[in-house]
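Here is the input, now give the coordinates:
(one chain, ligands or ions: 1)
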Amino acid sequence: MKVRSLNEQSHMVPDDAMRAAVYRRYGPAEVLTVDELPRPKPDPLEALVRVRAASVNPIDWKIRRGDLKILTRRQFPRVPGADLSGEIVEFGSAAVRFEIGDEVFAMVPPLEGGCFAEYRTVPLNLLARKPAGLSHSQAAAVPLTALTARRALALKPELGPASTVLINGASGGVGSFAVQLAARAGSMVVAVSSERNRDLVRDLGAGEVIDYTREPVLSRFDRYDLILDAVGSLRYRVARPCLAPGGLFVTLLPEPRKYLERIAAVFSRSRRMRIIIVEPSREELERLSAQLERGELRPVVDTVYPLEQSAAAHQHSESGRTRGKIVVEI
Ligand SMILES: NC(=O)c1ccc[n+]([C@@H]2O[C@H](COP(=O)([O-])OP(=O)(O)OC[C@H]3O[C@@H](n4cnc5c(N)ncnc54)[C@H](OP(=O)(O)O)[C@@H]3O)[C@@H](O)[C@H]2O)c1
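Numbers count the residues shown, from 1 in each chain. As a prediction, this is how the structure comes out:
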């Protein structure tokens, strides 16, 4: 695909082109530059969305570094970003449920990416209405991480006021939604975060905060109904004695070692382990949207970068210190 650098060209973007953050080889954040790419055309069951904001997820920079190249191969140029918020400007053929100008948000398959761009085609069955009252930047901070948190908690549908839930990585993208959803269910939430994020996670609904820099994460309580490890620093084998009978350990980091532990967990009668891989879902996004509109849930936006600073946005996320979500406005 022909890519012209904006530095070499005038900043007037032709009608059939768009600005996008793009990379043409795997590597550090610096491989990400803003260039002109052809504007995509929607297929019959897609809409073309003018993207106003996208958010960063760790999977974006893991792909950019080449960590997943067994799946992503050498297909370039690549545009990062799996979360977007914007408005519909064109339909492929059928206008199902939406009209031109409707404000929408979506998660697209992370391995495809493509949201750090002025335009992104999105299958109609992935588009949800942007929650009323949320800006595009706030809406773009929701999909992938909130869907992940929702999936994790849905594995224990019986969570309620008598339940105790440990969220490791409570101040990050997934954790900040998981704390709110678990607290909303009435559970006692024990949040693991550093001291600088104590007030944030308490504000989101945590009843107890464990500072992982000062205290062993698993030392304070030993009857968790759910342990959600959104960091990858816990081992099921070590966490297992801290689960209540019927308790569940959920990890988001599908490393080979975790799969071995998953197999071992099958042989445990009362304590279990699950590995989650989130997938896009319009239905679940609409349920989250309703909760956001009712004020039961809120996105935490750490920093908003302009598209031109996409590399800085990636570096920020890669530092591992994100509070909630990092957003790129386009
Ligand atoms: N399997 C899936 O489908 C799926 C879905 C979503 C995410 N993930 C993965 O899950 C991980 C988390 O994603 P995310 O978006 O939530 O990441 P994130 O927003 O980048 O997480 C950053 C947060 O983690 C906290 N943190 C870092 N080290 C910690 C530790 N040792 N203990 C407790 N908290 C710690 C940081 O707080 P401090 O600054 O206070 O340390 C920061 O607030 C990533 O690896 C991501 O790729 C997987």
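
List the contacts of the residue in the stretch 51-200 of the chain positioned nearest to the ligand.
Relative to the ligand, the nearest point of the stretch 51-200 of the chain is Gly172 (2.5 Å; Cβ to the nearest ligand atom). In short, each C-beta sits where N, CA and C put it, glycine included. Contacts of Gly172 were listed using Cβ atoms under 8 Å, 6 or more residues apart in numbering, and they are 145, 230-231, 322-324.

Check Ala21 too.
Applying Cβ under 8 Å, 6+ apart, the residues near Ala21 are 32-34, 79-81, 116-117, 307, 310-311, 328.

host element of it?
Secondary structure assigned from DSSP states H and E places Ala21 in strand 17-22.

Identify each buried residue in whichever helix or strand comes after that strand, please.
For strand 17-22, the succeeding helix or strand toward the C-terminus, using DSSP H and E, is strand 33-38. Residues of strand 33-38 classed as buried under the neighbour-count rule (16 or more other Cβ atoms under 10 Å) are 33-37.

So which of the contacts of Gly172 reach the ligand?
Contacts with the ligand within the contacts of Gly172, counted by Cβ under 6 Å from any ligand atom: 145, 230-231, 322-323.

hang on, the earlier thing: now tabulate the contacts of Gly172 in JSON lines and tack on neighbour count.
JSON lines is the format used below for the contacts of Gly172 (neighbours: other Cβ atoms under 10 Å):
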{"residue": "Thr145", "neighbour count": "28"}
{"residue": "Ala230", "neighbour count": "28"}
{"residue": "Val231", "neighbour count": "20"}
{"residue": "Thr322", "neighbour count": "21"}
{"residue": "Arg323", "neighbour count": "18"}
{"residue": "Gly324", "neighbour count": "23"}
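
Restricted to strands, list those.
When the contacts of Gly172 are checked against strands using DSSP state E, none is located there.

Return the member of those nearest to Ala152.
For Ala152, the nearest member of the contacts of Gly172 is Ala230. The distance, counting by Cβ to Cβ, is 8.2 Å.

Format the ones next to the ligand among the contacts of Gly172 as JSON lines; extra columns: pLDDT.
What follows is these, written out as JSON lines (pLDDT from 0 to 100):
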{"residue": "Thr145", "pLDDT": "98"}
{"residue": "Ala230", "pLDDT": "97"}
{"residue": "Val231", "pLDDT": "97"}
{"residue": "Thr322", "pLDDT": "98"}
{"residue": "Arg323", "pLDDT": "98"}
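
sorry, back to before: average model confidence for the strand holding Ala21?
Taken as a whole, strand 17-22 has an average pLDDT of 98.

tell me the angle of that strand relative to strand 33-38?
Orientation of strand 17-22 against strand 33-38 (axes from the mean of the first three to the mean of the last three Cα atoms, to 10 degrees) gives an angle of 140 degrees.

Nothing else from me, thank you.
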